[in-house]
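**Q** can't give you the sequence, but here's the structure:
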């Protein structure tokens, strides 16, 4: 007898009841067993498999209480109860996937519930908010968002979309398990377009040595996901060599990974090799999204505004900002429990930060890269890097035996620099690393 596929169908039934009921019907038609979970904040529908009264009872509340309070407060209570219910269903083997349909309020509620479920549990969110910024809803989890075209109403258009979504979640939940493969230790790595050559070269080093490599896109959510994966014990060691999310956090960019970026590896004590990849830029969306004060600072060394593509505009970090970022990073790394090395490439931090045309480094035009600013006293070195090193000298704990800083006469995207990063992490993973490793190289200088 085939195993039943249990799908939780969640939603605010007093406004989306017909649509939720239709999704449940289509799940049953696709071979699944729907379980309707009510998230209503106005009144109880009375026909859900798990009504909102049962949901809030889980957290010591009642419908009389929540229906008399402001909707945002009521929604928080409902979400807490719903989380307890779905986690319990998952533990008991009575939930194989979850789907919801909602507008803004319901999307916020349903995705908060989905975010508590492990990676791999199918999660489908039909939401009118899908055509906008979905980062608050997806967070760091594998949530699939579908634009339902309309917010309310069953018709020849919406039925097709809802039917497809119902079939999708059943299909996800009934998909055959992946073939079991050899479990390999997992190396974490952060990448952005401007650091791609270095990251790909370093990752191949580990792939040929019996490791798997997870490369996250450093767009804010990518950094948050990596921090979470480290905390959850998935990551054996990390090449945290694209750290520009820190600049966005400190300087108002749109790709911030929040205040906890660059902390999980230190707390967990896993080996980490860090570099300032991409820290020469702060990221924004369209040109009109760039704060006006940056437009008035184009005479400051390092400050530029460049349209990377129609939806990405970058601002160059100034020398003083590089100094501040270095202090911030040093304070994070000073707390690290495990082996930690910070490598600073003095000839540039990414494809835009190059002294001249260099296709192999990522810059193909007959000019310096847009964020490049040469040191007046040592023109082949980045002036920004010099200010960064100055900040490290002020803030890094030089007495920590598990923390080292290497000043490297290389560019971020040179293969020799990528080799250095990989070799350091390899030594750490093998237990062969000690502070001062690779300091005997001609291109390496002590802090």
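**A** Arrived safely. Quick caveat, the model's predicted, so the values are computed rather than measured.

**Q** Grab the nearest non-local neighbour of residue 416.
**A** Leaving out its chain neighbours, the residue that sits closest to residue 416 by Cβ to Cβ, 6 or more residues apart in numbering is residue 410, at 5.8 Å. (Glycine included, C-beta is placed from N, CA and C.)

**Q** next one: residue 252
**A** residue 291 is the one closest to residue 252 (Cβ to Cβ, 6+ apart), at 6.3 Å.

**Q** Helices of the stretch 301-447 of the chain, residue ranges please.
**A** Secondary structure of the stretch 301-447 of the chain (DSSP state H, counting those that start in this stretch): helices located at 319-333, 383-395, 415-430.

**Q** Just tell me which of the ones you listed ends up closest to residue 92.
**A** helix 415-430 (38.8 Å; Cβ to Cβ).

**Q** pretty sure the residue nearest to residue 416 is touching residue 347, no?
**A** Yes. Assessed by Cβ atoms under 8 Å, residue 410 is found in contact with residue 347 at 5.9 Å.

**Q** which helix is the longest one in this structure?
**A** Counting by DSSP state H, the longest helix found in the chain is helix 71-91.

**Q** Could I get the buried residue list for that helix?
**A** Within helix 71-91, the residues scored as buried using 16 or more other Cβ atoms under 10 Å are 74-75, 77-83, 85-86, 89-90.

**Q** Run through who's touching that helix.
**A** 6, 8, 10, 35, 37, 39-42, 50, 52, 54-59, 61, 66-67, 95, 98, 105, 108-109, 112-113, 116-118, 121 (Cβ atoms under 8 Å, 6 or more residues apart in numbering).

**Q** Now, of these, which are buried?
**A** Using 16+ other Cβ under 10 Å, the buried members of these are 6, 8, 10, 35, 37, 39-41, 50, 52, 54-56, 58, 61, 66-67, 95, 98, 108-109, 112-113, 117, 121.

**Q** Now do the domain split for this protein, please.
**A** Per automatic domain parsing, the domain ranges recorded for the chain read 5-174, 186-446.

**Q** ok, of these, where does mean pLDDT dip lowest?
**A** Lowest mean pLDDT of the domains of the chain: domain 5-174, a mean of 91.

**Q** start to end distance for it?
**A** Criterion Cα to Cα, to the nearest Å; first-to-last residue distance in domain 5-174 is 7 Å.

**Q** What separation do you get for residue 146 and residue 6?
**A** Residue 146 is 20 Å from residue 6, where distance means Cβ to Cβ, to the nearest Å.

**Q** Now do the strands in the stretch 301-447 of the chain.
**A** With DSSP state E, counting those that start in this stretch as the criterion, the stretch 301-447 of the chain has strands at 305-309, 312-316, 340-345, 403-408, 444-446.

**Q** Can you lay out these as JSON lines showing distance to residue 28 and mean neighbour count?
**A** Formatted as JSON lines, the strands of the stretch 301-447 of the chain follow (distance: least, Cβ to Cβ, whole Å; neighbours: other Cβ atoms under 10 Å):
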{"stretch": "strand 305-309", "distance to residue 28": "44", "mean neighbour count": "13"}
{"stretch": "strand 312-316", "distance to residue 28": "44", "mean neighbour count": "23"}
{"stretch": "strand 340-345", "distance to residue 28": "54", "mean neighbour count": "25"}
{"stretch": "strand 403-408", "distance to residue 28": "58", "mean neighbour count": "22"}
{"stretch": "strand 444-446", "distance to residue 28": "65", "mean neighbour count": "14"}
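
**Q** How far away from the center of its chain is stretch 355-364?
**A** How far stretch 355-364 lies from its chain's middle: 28 Å, per Cα atoms, centre = their mean, to the nearest Å.

**Q** nope, stretch 432-447 is what I meant
**A** 31 Å.

**Q** again, but for stretch 51-60
**A** Centre-to-centre, stretch 51-60 and its host chain are 33 Å apart (Cα atoms, centre = their mean).

**Q** and if you look at stretch 376-389?
**A** 31 Å.

**Q** ok, residues contacting it?
**A** Taking Cβ under 8 Å, 6+ apart as the rule, stretch 376-389 contacts 276, 279-280, 301-302, 317, 319-320, 322-323, 325-326, 344-349, 353, 355, 371-375, 407, 409, 447.

**Q** Okay, buried residues for it please.
**A** Taking 16+ other Cβ under 10 Å as the criterion, stretch 376-389 shows 381-389 as buried.

**Q** re the thing from before, and after the longest helix of the chain, which helix or strand comes next?
**A** strand 97-102 (DSSP states H and E).

**Q** Residues touching the helix or strand just after that next one, excluding its own?
**A** Following strand 97-102 in sequence order, the next helix or strand is helix 104-114 (DSSP H and E). Residues outside helix 104-114 that contact it (Cβ under 8 Å, 6+ apart): 10-12, 15-16, 39, 41, 71, 75, 78-79, 82-83, 86, 98, 100, 102, 123, 125, 127-129, 136-139, 141, 143.

**Q** any idea how far the residue nearest to residue 401 when sequence neighbours are not counted is from residue 424?
**A** Nearest residue to residue 401, sequence neighbours excluded (Cβ to Cβ, 6+ apart): residue 435, at 5.7 Å. Between residue 435 and residue 424 the distance is 11 Å, computed by Cβ to Cβ.

**Q** These two: which is more packed in?
**A** The neighbour comparison of residue 435 against residue 424 (other Cβ atoms under 10 Å) goes to residue 424, with 23 against 15.

**Q** show me the contacts for that one.
**A** So residue 424 contacts 273, 341, 343, 433, 437-438 (Cβ under 8 Å, 6+ apart).

**Q** does residue 14 sit in a helix or strand, and which one?
**A** helix 13-29.

**Q** now swap in residue 166 and tell me
**A** Using DSSP H and E, residue 166 sits in helix 158-174.

**Q** ok, then the element right after that helix?
**A** Defined by DSSP H and E, the subsequent element after helix 158-174 is strand 186-191.

**Q** just the angle between the helix or strand following that next one and helix 415-430, please?
**A** The helix or strand immediately downstream of strand 186-191 is helix 196-207, counting by DSSP H and E. Put simply, helix 196-207 runs at 40 degrees to helix 415-430, going by axes from the mean of the first three to the mean of the last three Cα atoms, to 10 degrees.

**Q** and helix 196-207 with strand 186-191, angle?
**A** Using the same axes, to 10 degrees: helix 196-207 against strand 186-191 is 170 degrees.

**Q** and helix 196-207, which residues are buried?
**A** So for helix 196-207, counting by 16+ other Cβ under 10 Å, buried means 196-199, 201-203, 205-206.

**Q** Which of those residues sits closest to residue 30?
**A** For the buried residues of helix 196-207, the nearest to residue 30 is residue 203 (39.0 Å; Cβ to Cβ).

**Q** if we can go back for a sec, rebuild the domains of the chain as TSV, extending it with distance to residue 180.
**A** Output for those, formatted as TSV (distance: least, Cβ to Cβ, whole Å):
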stretch	distance to residue 180
domain 5-174	14
domain 186-446	14
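
**Q** Disregarding flanking residues, what is the spatial nearest neighbour of residue 278?
**A** residue 244 (3.2 Å).
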